[in-house]
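*Asks:* Got a predicted structure plus its sequence, pasted below:
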Amino acid sequence: MDRLVNLLKESKYVIALTGAGISTLSGIKDFRGKDGLYKQRDADKIFDIDWFYRDPSLYYTAAKDFLYNMKDVSPSIVHLELARLEAKGIIKAVITQNIDVLHQKAGSKKVLELHGSLGKHRCTKCSATISFEEVAAIVNKDQVPNCSRCNGVFKPNVVFFGESLPVDVLSEAVKEASKADLLIVLGSTLVVNPAAMIPGYTRQNGGKVVIVNNMETYLDERAALRYEDLGEVFHYLSENI
Ligand code: CNA
């Protein structure tokens, strides 16, 4: 891991690309990991936009215990270390596929949320907005949050499968990854596009990619360094950089 420490110290522009794996250390299930959500039946429907419009209770029921208990969830050592490395000037930005707002909770300043976040919910009919806390209170009573003005259903500001990514966030992420001389991919299977293509922009411009993930990814053979265990790597970094 000293090689990683040296690489982080030598690099001029380090970007992190994070996935659901880093939040398993905070107790939030990922999708494809060993205890991931995809082990459940019909899990692929939970974040599917057609299913959401057909039956929003499918999403809210599944997400209740896993995402709407967020006020009790603390950032993991990975979130905290990324914020510390940003404050030290080593990391320039975090590009995340996560929707759980834990990077901001940990103190990261520059966070690009490719798939949106649960911070806000918007009425699908009249576009009224409502806070996470208000929605969580309703969802935790096993109800679907509906708009008090028009009775439309509230949808989180999250990119569901079948929806496009916010263009401005994606283009900024591409710009940051292209500038990076080192991109560290953390806790992602790199199968969801276009996020999975982000490391390509770094490599295309001569930058290196490091992967920390306990399952294979399509980029493993092209990574400068590869590690399995996020907890182990970030404990080491916390003591050595
Ligand atoms: P994924 O496909 O579930 O991959 C996560 C990876 O992390 C898996 O390979 C795991 O094995 C690995 N992993 C888990 N814990 C560790 C650990 N301690 N050390 C090393 N590796 C570990 O998730 P992706 O992020 O690649 O997929 C993108 C989806 C997941 C995005 O659309 C997200 O919005 C979505 N998602 C987000 C959250 C969240 O915000 N916390 C939770 C679940 C899903």
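*Replies:* Received it, and whenever you're ready, just let me know what you need. Numbering: from 1, shown residues only.
*Asks:* CA atoms for contacts and neighbours, from now on please.
*Replies:* Will do.
*Asks:* biggest strand in the protein by residues?
*Replies:* strand 116-123 (DSSP state E).
*Asks:* tell me which residues in it are buried?
*Replies:* For strand 116-123, burial by neighbour count (16 or more other Cα atoms under 10 Å) applies to Gly116, Ser117, Leu118, Lys120, His121, Arg122, Cys123.
*Asks:* do the same with stretch 84-100
*Replies:* Quick answer for stretch 84-100 (16+ other Cα under 10 Å): 84-86, 90-100.
*Asks:* same thing with stretch 100-109?
*Replies:* So, applying 16+ other Cα under 10 Å, buried residues of stretch 100-109: Asp100, Val101, Leu102, His103, Ala106, Gly107, Ser108.
*Asks:* among the buried residues of stretch 84-100, which are in reach of the ligand?
*Replies:* Of the residues in the buried residues of stretch 84-100, proximity to the ligand by Cα under 6 Å from any ligand atom holds for Gln97, Asn98, Ile99, Asp100.
*Asks:* Would you mind giving these as TSV with secondary structure added?
*Replies:* As requested, these are exported to TSV (DSSP: H, G, I helix; E, B strand; the rest coil):
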residue	secondary structure
Gln97	coil
Asn98	coil
Ile99	coil
Asp100	coil
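*Asks:* from these, which single one is nearest Lys141?
*Replies:* Asp100 (20.4 Å; Cα to Cα).
*Asks:* and the longest strand of the chain, C-alpha only, in PDB?
*Replies:* Extracted C-alpha coordinates of strand 116-123, given in PDB (Å, rounded to 0.1, in the frame of the first residue of the first chain):
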ATOM      1  CA  GLY A 116     -28.700  12.800  -8.200                       C
ATOM      2  CA  SER A 117     -29.500  12.400  -4.600                       C
ATOM      3  CA  LEU A 118     -32.200  11.800  -2.000                       C
ATOM      4  CA  GLY A 119     -31.700  15.400  -0.600                       C
ATOM      5  CA  LYS A 120     -34.700  16.600  -2.500                       C
ATOM      6  CA  HIS A 121     -38.000  15.100  -3.700                       C
ATOM      7  CA  ARG A 122     -40.200  16.700  -6.400                       C
ATOM      8  CA  CYS A 123     -43.900  16.300  -7.200                       C
END
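*Asks:* In contact with the closest residue to Phe154 other than its chain neighbours, which residues are there?
*Replies:* In space, and not counting its chain neighbours, Phe154 is closest to Cys123: 4.3 Å by Cα to Cα, 6 or more residues apart in numbering. Each residue near Cys123 by Cα atoms under 8 Å, 6 or more residues apart in numbering is listed here: Thr129, Asn146, Cys147, Gly152, Val153, Phe154, Lys155.
*Asks:* re the thing from before, Asp220: which of the buried residues of strand 116-123 is nearest?
*Replies:* Out of these, the member with the shortest distance to Asp220 (by Cα to Cα) is Gly116, at 26.9 Å.
*Asks:* Pull up the residues of the protein that are close to the ligand.
*Replies:* Counting by Cα under 6 Å from any ligand atom, the chain sits next to the ligand at 19-21, 23-24, 28-34, 97-100, 115, 187-190, 192, 213-215, 228-231.
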